[in-house]
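In: Need a 3D model of the following:
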Amino acid sequence: MKALVIEKPGTARIQTVPVAPLGANDLRIRVKASGICGTDVHIFRGEYLGAYPVIPGHEFSGVVEEIGGKVRRFKVGDRVAVEPNISCDNCGACLNNRQNFCDNWSAVGVTLPGGMAEYTVVPEKAAFNIEDLPFTAGAFVEPLSCVLHGVERTHIRLADKVLILGAGPIGILLLKVIQLQGACEITQVDLNETRLELAKQNGAANVCTSLEELKRDSYDVVVDASGATYLMEKALDFVRKGGTVLWFGVPKQNAQLELRAFPIFEKGLTLLSSYTSVRNSIQALALLKSGKIDVTPLISYQLPLGDFTKGIEFIEKGINGVLKVLIMPELA
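Out: Numbering: from 1, shown residues only. Okay, the predicted model is just below:
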């Protein structure tokens with residue numbers, strides 16, 4: 001099969017590789033749509049996780065081509081999305097429902113071959129039937145599940161005022177989910193005017209391009225969706241006393257924060273981070289199927305496998321206010 005292989009940081013090319021063998025509990029999936037995530041950018045640049053060579057792609061959907069002998073929930077032809085994080089279900093973390101911190105963690109598209117290929121193999125327990133949901137929307141099950149986990153951790157309350165730093169695809173998903181939680185006023189910040197316009201269309205009450213326009217110490221919850229250390233640090237300036245800060249965006253692996261200790265103490269803050277998700281894929285799929293979350297406006301480009309590095313460039317340079325870039329392995 002054809003696959004996009006990151007051979008080493010900064011180097012990726014199309015290769016012809018063997019199709020992975022199918023285990024008794026596995027599905028072979030013909031990939032239809034695979035999203036480029038910020039994590040993929042970090043892996044490509046050598047900034048986060050990544051054992052090389054690797055076939056990336058952990059946000060994807062497709063069609064079941066073949067099933068192992070012990071598979072019971074699926075049949076050939078089913079349309080599926082994938083939860084890429086594979087837990088052992090038997091370590092201390094897993095047995096305490098912290099599968100995202102599994103001692104024996106692996107992930108499709110990170111430590112295992114992923115969705116930037118014509119076919120991939122995943123365990124039955126990692127797949128979810130998307131029925132008639134478009135494949136392009138199915139590719140959002142994984143990022144939306146991560147957003148749901150993060151928002152659940154913040155315990156946002158009815159009528160809260162929320163600030164979101166960043167209006168990329170994750171920032172917009174956060175906006176949509178936080179609205180469903182009952183926040184009365186959401187403010188979103190980004191340098192990109194095109195992204196801010198989409199944020200307004202999706203319910204942001206206020207948008208701005210500069211932190212100078214924001215009122216300090218005034219938000220119940222501040223969420224960083226960028227992973228930029230400067231914004232992660234500045235988040236503490238805008239949360240009210242007794243409020244909550246969620247660092248959601250993925251920073252570079254060796255990035256360091258410089259935080260003033262006394263204001264954290266004086267404001268009595270709750271500081272949170274969020275790592276992947278825990279059993280949130282069913283929720284994500286339900287929201288997508290119901291139409292409560294519409295991801296269509298987030299899709300900026302649909303590209304063939306050979307244009308993976310072009311998609312990375314679009315994202316890094318913010319070309320045309322780019323949001324989500326999908327790789328479609330069946331495109332010529």
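In: burial of Glu131, as a residue count?
Out: 11 (other Cβ atoms under 10 Å). For the C-beta atoms, the positions are set from N, CA and C on the backbone; glycine is no exception.
In: Three-state assignment for it, please.
Out: Look at Glu131: counting by DSSP: H, G, I helix; E, B strand; the rest coil, its state is coil.
In: Please, which helix or strand holds the spatially most central residue of the chain?
Out: Central residue of the chain (Cα atoms, centre = their mean): Pro143, 3.0 Å from the mean position. Per DSSP states H and E, Pro143 falls inside helix 141-154.
In: okay, that helix in CSV with CA atoms only?
Out: Output in CSV follows, covering the C-alpha atoms of helix 141-154 (Å, rounded to 0.1, in the frame of the first residue of the first chain):
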residue,chain,number,x,y,z
VAL,A,141,-14.2,12.3,16.5
GLU,A,142,-10.7,12.2,18.1
PRO,A,143,-10.0,15.9,18.5
LEU,A,144,-13.6,16.6,19.7
SER,A,145,-13.2,13.8,22.3
CYS,A,146,-10.1,15.5,23.6
VAL,A,147,-11.9,18.8,23.8
LEU,A,148,-14.8,17.2,25.7
HIS,A,149,-12.4,15.8,28.2
GLY,A,150,-10.7,19.2,28.7
VAL,A,151,-14.0,21.0,29.1
GLU,A,152,-15.2,18.4,31.6
ARG,A,153,-12.2,19.0,33.7
THR,A,154,-12.9,22.8,34.0
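In: could you point out which element follows it?
Out: Immediately after helix 141-154, counting by DSSP H and E, sits strand 161-165.
In: now the very next helix or strand once past that next one, how far from the centre of its chain.
Out: Tracing the chain past strand 161-165, the next element assigned as helix or strand by DSSP H and E is helix 169-180. Centroid separation for helix 169-180 versus its chain: 12 Å, with Cα atoms, centre = their mean, to the nearest Å.
In: what pLDDT, on average, does helix 169-180 get?
Out: The pLDDT scores in helix 169-180 average 97.
In: Could you count how many residues lie near Asn129?
Out: Neighbour tally, Asn129, other Cβ under 10 Å: 15.
In: need the contact list for it.
Out: Arg73, Phe74, Asp78, Arg79, Val80 (Cβ atoms under 8 Å, 6 or more residues apart in numbering).
In: before we move on, what about Leu236?
Out: Leu236 neighbours (Cβ under 8 Å, 6+ apart): Val222, Val245, Leu259, Arg260, Pro263, Ile264, Lys267, Leu269.
In: before we move on, what SS does the nearest residue to the fifth one once chain neighbours are set aside have?
Out: Distances taken as Cβ to Cβ, 6 or more residues apart in numbering put Leu236 closest to Pro263, at 6.4 Å, once the chain neighbours are dropped. The local conformation at Leu236, judged by three-state DSSP, is helix.
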